[in-house]
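>>> what shape does this take:
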Amino acid sequence: MIRAWWALIWSNYLLKSRNLEQLILFLKARKAKCVRKLTQKEAKQLFHQIQQAKQFLLWRNACLEDSLALFLLATQKKAAVDWCIGTRLAPFASHAWVEVEQKAINEDECSYQKIIQV
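Numbers count the residues shown, from 1 in each chain. Have a look, this model is predicted:
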């Protein structure tokens, strides 16, 4: 759980210190070093660790920070996942999530149009 907590802190730092282009380049470089793909089971375990670690943060974390933390945890294990950002209309909303084997982790049927995928 400590690694998940650090991944959450790191994701907050990255989102505040880099613009989207820089962040995508950084994430692509990390993903390129991966030697395997994360399984659904492993991804759900990492997601659960992140949810537990969030309880010890003093600030609010939303889907962007959580999904980035999951990406960071997975790539730390040299396992690739897809980090996605999407939007929907009526009503407008944006969302970030992680996909493994083209399936969103811990998400209901995804109604968002994917605009970024790393």
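
>>> find the nearest non-adjacent residue to Asn12, please.
In space, and not counting its chain neighbours, Asn12 is closest to Glu65: 5.7 Å by CB to CB, 6 or more residues apart in numbering. C-betas here are computed from N, CA, C, even on glycine.

>>> what strand or helix carries that neighbour?
Secondary structure from DSSP states H and E places Glu65 in helix 63-76.

>>> list the helices and strands that helix packs on?
helix 2-17, helix 20-32, helix 40-53, strand 82-88, strand 93-100 (3 or more CB pairs under 8 Å, 6 or more residues apart in numbering; DSSP states H and E).

>>> next one: that helix to chain centre, how far?
Remark: helix 63-76 is offset 3 Å from the chain centroid, using CA atoms, centre = their mean, to the nearest Å.

>>> quick one: buried residues of that helix?
Leu64, Glu65, Asp66, Ser67, Leu68, Ala69, Leu70, Phe71, Leu72, Leu73, Ala74, Thr75 (16 or more other CB atoms under 10 Å).

>>> about what we covered before: so how far is Ala79 from the residue nearest to Asn12?
Distance, Glu65 to Ala79, by CB to CB, to the nearest Å: 20 Å.

>>> also Ile2?
Taking CB to CB, one finds Ile2 at 19 Å from Ala79.

>>> more neighbours, these two?
Legend: neighbour count by other CB atoms under 10 Å for Ile2 and Ala79, higher for Ala79 (19 against 9).

>>> my read: the more buried one touches Gln40, true?
No: Ala79 is beyond contact range of Gln40, at 11.9 Å (criterion: CB atoms under 8 Å).

>>> before we move on, the earlier item: wait, which of the helices and strands packed on helix 63-76 is closest to Ile115?
Ile115 sits nearest to strand 82-88 of all the helices and strands packed on helix 63-76, at 5.7 Å, using CB to CB.

>>> alright, calling it a day.
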